[in-house]
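Chemist: got a sequence here, can you model it:
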Amino acid sequence: MINSYENAAMGHCELVLAGGYPGIGKSSLINEIRKPITLGKGRFIHGKCDQRKSNTPYFGLRQAFQELVMQLLTEPQSSLDAWKQRLTDALGDNGLLITDIIPDLEQIIGLQPQVTELNPVEAQNRVQMVFLEFIKVFAQKEHPLVIFLDDFQWCDAATVNLIHYIFSMDTLQYALFVCAYRDNELQAGHRIYQSFRKLRELNSCTELILKPLEFNAVNDL
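Modeler: Residues are numbered from 1 along each chain as shown. Next comes the predicted model:
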């Protein structure tokens, strides 16, 4: 996983899928990399998917970026003004698409104008395009961005499709997506299984399967 972060820090976009049974230690392992990343000026944000919100688009990403926005709101006004300019330049007239997902962002960029109505397919494509540009604002050489999504087996389809879109576009740099999931639950027939399988096939994807410690390892501890 550290290798994937190092690749991201060199300008790549990486994906790590961490699978294992409930309670095996996936979240604990991933959170262990938070400290070295933040000490190295990287950004580490965390969202948790929820079985009750599996039909709510971008639920886990909303949590993660709400956390980031709250961090930004503690910065001096001069810094907030700079963030406002960067975000406004990136989002253009489509800022409302992101503030609808991440409401606290409005405290930085202000009220956003209404967007032109499109048919459902075009509207989805537009949201993905704008979300990608939004993430690019924060994923920078000086501050690589790690997005950790926990309980990914309950992730909404919109998020899975967005991640696949981001990697298919191949324009995002300095970013690492880490998705922890219960591999015993995400099997053929699961509602996002086909989309998830596409993520596994990405060239930038590394998959980790955590297994119980063997007797000798426990004995050594």
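Chemist: just give me the neighbour total for K211.
Modeler: Neighbour count of K211, defined by other CB atoms under 10 Å: 9. From N, CA and C alone the C-beta is placed, and that goes for glycine too.
Chemist: same thing with the one 10 residues further on?
Modeler: For L221, the neighbour count with other CB under 10 Å is 6.
Chemist: so the closest residue to it other than its chain neighbours, which state does it fall into?
Modeler: Spatially, and ignoring its direct neighbours in sequence, L221 is nearest to L213 (7.7 Å; CB to CB, 6 or more residues apart in numbering). Assigned with DSSP: H, G, I helix; E, B strand; the rest coil, L213 falls in the coil class.
Chemist: now L213. Its backbone dihedrals?
Modeler: phi -60, psi 140 (degrees, to the nearest 10).
Chemist: where does the residue most central in space within the chain sit: helix, strand or coil?
Modeler: The geometric centre of the chain, computed from its C-alpha atoms, lies nearest to I147 (CA atoms, centre = their mean), at 3.8 Å. Following three-state DSSP, we place I147 in the strand state.
Chemist: where does it land on pLDDT?
Modeler: Here, the pLDDT recorded for I147 equals 97.
Chemist: same check, this time on Q112
Modeler: 96.
Chemist: what about it, how many neighbours?
Modeler: 18.
Chemist: what's the answer for L162, then?
Modeler: So L162, with other CB under 10 Å, has 20 neighbours.
Chemist: can you tell me the closest non-neighbouring residue to it?
Modeler: Q128 is the one closest to L162 (CB to CB, 6+ apart), at 5.4 Å.
Chemist: surely that neighbour and I163 touch.
Modeler: No: between Q128 and I163 no contact is recorded; they are 9.9 Å apart, counting by CB atoms under 8 Å.
Chemist: quick revisit: neighbours of the residue nearest to L221, how many?
Modeler: If you count neighbours by other CB under 10 Å, L213 ends up with 13.
Chemist: cool, and G40?
Modeler: For G40, using other CB under 10 Å, the count is 11.
Chemist: could you measure from it over to A82?
Modeler: Note on G40: its distance to A82, by CB to CB, to the nearest Å, is 22 Å.
Chemist: and for R126?
Modeler: 26 Å.
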